[in-house]
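K.L.:
sequence first, predicted coordinates after that:
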Amino acid sequence: MERPTGVTILAVLGFLGAAFALMGGMTIFAGGAMVSRMSGTPLGMMAGVGGAMIATAFLIFAVFYIIISVGLLKLQNWARIILIVLVILGLASSAFGLLGAVAHFHMFLFFWRAIFAAIQVWILVYLFQPNVKTAFGTTGF
């Protein structure tokens, strides 16, 4: 079966996310090394180690994005299920963000989180469409 256009778009967005995570990770590595080198103090060394840890997390996320995106392009159902789980986690995060924005009367943040939540809901609805599930070779979940 032919890959649905929306799946291709989600995979391309995943590759873009991986590129940004790679750039962010490399930038944080360089920044942490620069701070550590310029400071020469134990605090500077700790900042460098902290930067390296954060940069490593960025690089791990980049690899994760690439693996999921390749799985989506190959119409692997495991990639669809992982994406569904990640979107649900993101939606929960957006819901807490919406509550926090309301609690602090921050309307810009509220609308920003509402836009992200709407996109996440759209992705969830799309991934459960019968033609998309059929493309991934499943009729169940």
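P.N.:
It's in. Note that the structure is predicted; figures quoted are calculated from it, not measured. Numbers count the residues shown, from 1 in each chain.

K.L.:
max-length helix in the protein?
P.N.:
Among the segments of the chain that qualify as a helix by DSSP state H, the longest is helix 5-39.

K.L.:
may I see the buried residues of stretch 90-107?
P.N.:
Within stretch 90-107, the residues that qualify as buried by neighbour count (16 or more other C-beta atoms under 10 Å) are Gly90, Leu91, Ser94, Gly97, Leu98, Ala101. Heads up, the C-betas are built off the backbone N, CA and C, glycines and all.

K.L.:
if I look at the residue nearest the centre of the chain, how far off is Ser69?
P.N.:
What sits nearest the mean C-alpha location of the chain, by C-alpha atoms, centre = their mean, is Gly17, with 6.5 Å. From Gly17 over to Ser69 the distance is 8 Å, taken as C-beta to C-beta, to the nearest Å.

K.L.:
again, but for Val102
P.N.:
34 Å.

K.L.:
one more: Leu75?
P.N.:
Summarising the geometry, the distance separating Leu75 from Ser69, computed by C-beta to C-beta, is 12 Å.

K.L.:
between the buried residues of stretch 90-107, which is closest to Pro42?
P.N.:
Sorting the buried residues of stretch 90-107 by how near they are to Pro42, with C-beta to C-beta, puts Gly97 at the top with 36.2 Å.

K.L.:
check which helix or strand the closest one maps to.
P.N.:
Counting by DSSP states H and E, the element that carries Gly97 is helix 77-103.

K.L.:
can you list the domains in this protein?
P.N.:
Following automatic domain parsing, the chain resolves into domains at 1-74, 76-134.

K.L.:
can you put those in a markdown table and add distance to Gly140 and mean pLDDT?
P.N.:
Below are the domains of the chain laid out as a markdown table (distance: least, C-beta to C-beta, whole Å; pLDDT from 0 to 100):
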| stretch | distance to Gly140 | mean pLDDT |
| --- | --- | --- |
| domain 1-74 | 17 | 90 |
| domain 76-134 | 8 | 90 |
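
K.L.:
and Leu10, how many neighbours?
P.N.:
Per other C-beta atoms under 10 Å, the neighbour tally for Leu10 reads 22.

K.L.:
quick one: contacts for it?
P.N.:
Contact analysis of Leu10 by C-beta atoms under 8 Å, 6 or more residues apart in numbering lists Ser69, Leu72, Leu83, Ile123.
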